[in-house]
Each structure stands twice: as C-alpha cells, then as structure tokens.
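Engineer: Here is my input, please return the structure:
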Amino acid sequence: MERAFANRTEAGRQLAEKLDKYVGRDDVIVLGLPRGGVPVAYEVAKRLRAPLDVFIVRKLGVPGFEELAAGAIASGGVRVLNEDVVRAIPYADDAIEAVTAKEITELERREQIYREGRPPPELRGRVAILVDDGLATGATMRAAVKALKQRGAAKIVVAVPVGPPDTCRELAEEADETICLSAPVFFQAVGQYYEDFSQTSDEDVRELLSQAAQNTSSS
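Structural biologist: Model (predicted):
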C-alpha cells in the first residue's frame, strides 16, 4: 500500500508548497484542527510566515449513535446542525441541547489548555487557511468552514494532505479554495497514507502553538 507521507511534519511541508501565493501576506492566518491537524498546520504557517492558531470543532453525536453527526460546534460559539439527521431524532431538542452542553465543556477545556490565556484570533476580513491531517467524511471540516463564514473570514482555504475524492469535491463547493494533495479512489482511512500516524497529544499542540508564536514574533 502506498504511504504518501512519512509523518505529519512531512505532509505539512508538502502541503505548504501548494500555498506559496500566500507567503508573507499580513492578512493570512493558518488554523489547525486539533489535535492531528496542528503539526501539519505548523509547517504550513512556518513556510508562509503566518500566525498559527487552533480552530476547535466538536462533533455533536446522536445519543446512542455517537458516530452519526447531528451537527457540530466550533470556536466562537458557533453551532451548525444537520437538519436531516435532527429531524430523525426522537425528542431532538432535548437530545441536541444535552450533547451540545457536554461538547461545549470539552471545547472550552481545549480552548483553555491550548491558548493558555491568549484570546481567540480576529478572523473578520482575513484569509483563513484551515488545515487538518486528512479528511474522511469531511463533517468536521464542513462545520469549520461554516463557522468561519459566520465569523466573517474574507476567504476560506481548506488544505489537507489526503482525502477521498468525493469529500474533496464537496468541500471545494463550500470553501473558496480547496487543496487535497492526494485523493485516492480506494480511500479507507487517513492513517493508511502515513508511515507514522501516532497520536498528537495536548502537550504537543501547546508546544507547537508556542513555537509558532515565537517564529512569528521573530520574523
């Protein structure tokens, strides 16, 4: 089986080469989807000489069928619902409110530990480059795109190393620009395209954000 990338660092470097037109622009911000998207986004931000931050999205799983997404919440208090799924849930309002409350708690926990007191970035009028380590169904990334639209981003670029062709096409219709380095026809899982797909820890995310802040301030 073809392994397209040695690890997330190499994937980020390859992805960054496709984003050269954004190098050095002062209206660009790179947003990594935690946790695995942050090491990829770090390499992109470094090459573009752009600030790096996280954009946290939490899926709202249907109670009892958690893998089925009823929607998602994102940084900045944005909630996006999949109305087709919601209509099929008994007592949908109560169920959605309960799972939303639970995921807001986790989102806020991650905001606190990743940003360490730093305020969320201002996105209005900026070019936001959304980066993850790969796409599967694309539900989380679609929620992030919708959330960024609500936050007033001037342009939304989705950039990922790998994803199935249909998901890449769907996102191309929602984002202003979409880059999928590899779109294998027989896609099964993101991890199969990495030699090293070990888990990214909360501490890894914090360290990368801190290092990126130093890179930006010294450039």
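
Engineer: This structure: helices as residue ranges?
Structural biologist: Along the chain, the segments classed as helices by DSSP state H run 8-17, 37-48, 83-87, 92-115, 139-150, 165-174, 202-218.

Engineer: Do me a favour and get the end-to-end distance for stretch 54-68?
Structural biologist: Terminal residues of stretch 54-68 lie 24 Å apart, using Cα to Cα, to the nearest Å.

Engineer: Repeat that for stretch 80-99.
Structural biologist: One end of stretch 80-99 sits 13 Å from the other (Cα to Cα).

Engineer: mean confidence score for it?
Structural biologist: Averaged across stretch 80-99, the pLDDT comes to 80.

Engineer: how about that stretch: buried residues?
Structural biologist: 80, 81, 82, 85, 86, 89, 92, 95, 96, 99 (16 or more other Cβ atoms under 10 Å). Bear in mind the C-beta positions are built from the backbone N, C-alpha and C, glycine included.

Engineer: And the contacts of that stretch?
Structural biologist: With Cβ atoms under 8 Å, 6 or more residues apart in numbering as the contact definition, stretch 80-99 has outside contacts at 60-63, 68-74, 139, 142-143, 146-147.

Engineer: Quickly list the domain ranges of the protein.
Structural biologist: As recorded under automatic domain parsing, the domains making up the chain are 8-56+118-218, 58-114.

Engineer: Which of the ones you listed has the lowest mean pLDDT?
Structural biologist: If you rank the domains of the chain by mean pLDDT, domain 58-114 sits at the bottom with a mean of 82.

Engineer: Quick one: end-to-end distance for stretch 110-122.
Structural biologist: Length of stretch 110-122, first residue to last, Cα to Cα: 18 Å.

Engineer: likewise stretch 186-196?
Structural biologist: Stretch 186-196 has an end-to-end distance of 20 Å (criterion: Cα to Cα).

Engineer: and it, which residues are buried?
Structural biologist: By neighbour count with 16+ other Cβ under 10 Å, stretch 186-196 contains the buried residues 187, 190, 192, 193, 194.

Engineer: right, and the first one touches residue 168 too?
Structural biologist: Looking back up the chat, that one is residue 187. No. If you go by Cβ atoms under 8 Å, residue 187 and residue 168 don't touch, sitting 9.7 Å apart.

Engineer: All set, thanks.
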